[in-house]
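**Student:** sequence unknown, structure follows:
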Ligand SMILES: Nc1ncnc2c1ncn2[C@@H]1O[C@H](COP(=O)(O)OP(=O)(O)OP(=O)(O)O)[C@@H](O)[C@H]1O
Ligand SMILES: [Mg+2]
């Protein structure tokens with residue numbers, strides 16, 4: 001159990017509701033005390049009036065012998081009982097002094113001739129017990145005991161009052177929740193916008209509307225996004241410009257190298273220059289990818305994977321039977337087709353190059369796939385497994401950086417430029433997905449691609 005909710009909305013709502021409860025509870029308490037006092041005063045008066053009415057009937061104009069018969073004959077109001085006693089009543093505890101005083105004062109005010117007044121009064125019970133018994137010493141001899149049942153105090157004039165109170169409280173509580181929600185909404189918008197910007201620097205700007213603070217935050221965010229965009233563009237531009245401009249001197253160097261006398265030296269220099277050229281062209285591709293303006297389209301991921309596998313099989317017919325696919329027959333999603341193909345192609349090419357084959361498995365998103373290949377949403381997961389040597393755990397993140405190649409693979413045959421993984425990750429992240437690598441317990445490497453559907 002967590003005592004303090006994690007969401008800001010829940011916290012703000014909770015604090016406001018607790019505040020409301022305290023204020024309303026305090027008000028209600030004061031009201032109850034006030035009204036309770038008033039109600040009890042009225043109840044004490046009522047008791048005194050009833051008791052005195054019975055006393056008058058019993059004492060005034062009734063001979064002592066007729067009192068019992070009269071008590072039986074008169075109709076007492078409901079909740080009232082009266083009996084004649086020899087001694088003062090004593091079954092209940094004495095009443096609180098305030099009640100005794102109230103009742104005594106009211107009794108003396110009642111219109112009974114002076115010589116017929118009770119010369120002693122005993123009050124038992126209490127209003128809180130909702131039962132009060134008043135014993136009155138009769139003028140001649142004996143006691144009259146009158147028991148009055150007191151109704152529970154009514155704290156509200158009517159049930160309408162109570163419903164009004166509860167209704168207003170609920171209304172204010174609802175208002176608080178709405179306000180809390182509205183206050184937090186911009187944070188959520190900002191979160192989504194930051195998320196979108198992380199995937200795509202060209203994400204549309206935030207609307208700069210609403211209250212002053214919200215609009216200012218949106219404007220600041222948009223300015224930041226603009227600066228990031230310019231920064232990325234400048235970097236990419238620089239990269240491609242350098243890549244482009246270095247080509248000419250390399251070509252020149254190649255021509256000049258041809259004039260070298262030393263056969264061995266010439267071969268080495270030309271090989272180095274070839275490698276530099278390959279790196280440059282990879283760099284240019286990388287730059288083009290970053291600036292990619294390819295339109296997203298709905299495509300069948302399964303068909304795309306199959307195409308990549310087929311092309312890999314064409315390039316390496318001897319391992320064709322180790323290029324396999326397992327998974328659903330059709331899964332539609334929106335993506336940039338060429339970019340996504342390059343990303344998956346790079347991963348599969350690595351599996352082929354370093355792992356001698358690729359077993360591709362597609363796990364559909366949690367929501368499942370409807371007929372026709374449409375999915376309700378969620379993440380599709382593609383696993384690309386090989387049976388190669390894998391990668392040391394310490395190198396796994398490193399090889400996602402541009403131009404990072406492992407020593408073992410630094411030979412001419414498998415010679416790549418070390419841009420395959422960074423490009424793949426770049427593209428997948430731009431789609432809102434990602435790729436991670438892990439060594440399989442049974443040997444070989446597994447690339448796990450996630451892609452939102
Ligand atoms: N499936 C794999 N098994 C073992 N090592 C791998 C695997 N995939 C990648 N690597 C290692 O990670 C390094 C970086 O891979 P990356 O795809 O980025 O570059 P590359 O394959 O060397 O060149 P490029 O893909 O640009 O032609 C590789 O040189 C290789 O050492
Ligand atoms: Mg590669």
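**Tutor:** Great, that's in hand. It should be emphasised that the depicted structure is a prediction, and the values quoted were computed from it without experimental measurement. Ligands and ions are numbered 1, 2, ... in the order given.
**Student:** name the residues of the stretch 301-450 of the chain found near ligand 2, please.
**Tutor:** Applying Cβ under 5 Å from the ion, we find that the stretch 301-450 of the chain lies next to ligand 2 at 350, 416, 420. Any C-beta I mention is one placed from the backbone N, CA and C, and that applies to glycine too.
**Student:** so where's the stretch 1-150 of the chain uncertain?
**Tutor:** Residue ranges of the stretch 1-150 of the chain with pLDDT under 70: 1-2.
**Student:** which residue ranges of it form helices?
**Tutor:** Taking DSSP state H, counting those that start in this stretch as the criterion, the stretch 1-150 of the chain carries its helices at 8-59, 67-73, 97-109.
**Student:** just the closest of the residues of the stretch 301-450 of the chain next to ligand 2 to ligand 2, please.
**Tutor:** residue 420 (2.7 Å; Cβ to the ion).
**Student:** who in the stretch 351-453 of the chain is up against ligand 1?
**Tutor:** 351, 354-355, 386, 388-391, 399, 404-406, 409, 416-421, 445 (Cβ under 6 Å from any ligand atom).
**Student:** quick one, which of those residues are buried?
**Tutor:** Buried by 16 or more other Cβ atoms under 10 Å: 351, 354-355, 386, 388-391, 399, 405, 409, 416-421, 445, out of these.
**Student:** residue 447: neighbouring residues, count only.
**Tutor:** 24 (other Cβ atoms under 10 Å).
**Student:** doesn't it fall inside a helix?
**Tutor:** No - per DSSP: H, G, I helix; E, B strand; the rest coil, residue 447 lies outside any helix segment and is strand.
**Student:** which parts of the stretch 51-200 of the chain are strands?
**Tutor:** Using DSSP state E, counting those that start in this stretch, the strands of the stretch 51-200 of the chain run over 80-85, 121-126, 131-137, 143-149.
**Student:** what residues of the first one count as buried?
**Tutor:** Within strand 80-85, the residues that qualify as buried are 80, 82, counting by 16+ other Cβ under 10 Å.
**Student:** care to break the protein down by domain?
**Tutor:** Domain assignment for the chain by automatic domain parsing gives 8-149, 295-452.
**Student:** just the ones you listed: most buried one?
**Tutor:** The highest average neighbour count among those, using mean count of other Cβ atoms under 10 Å, belongs to domain 295-452 at a mean of 17.
**Student:** if we can go back for a sec, could the helices of the stretch 1-150 of the chain go into JSON lines alongside distance to ligand 1?
**Tutor:** Listed next are these as JSON lines, based on distance: least, Cβ to the nearest ligand atom, whole Å:
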{"stretch": "helix 8-59", "distance to ligand 1": "41"}
{"stretch": "helix 67-73", "distance to ligand 1": "108"}
{"stretch": "helix 97-109", "distance to ligand 1": "91"}
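**Student:** among those, which is nearest residue 141?
**Tutor:** Nearest to residue 141 among the helices of the stretch 1-150 of the chain is helix 67-73 (10.7 Å), distances taken as Cβ to Cβ.
**Student:** tell me what the closest one is packed against?
**Tutor:** Counting contacts by 3 or more Cβ pairs under 8 Å, 6 or more residues apart in numbering; DSSP states H and E, helix 67-73 packs against helix 8-59, strand 80-85.
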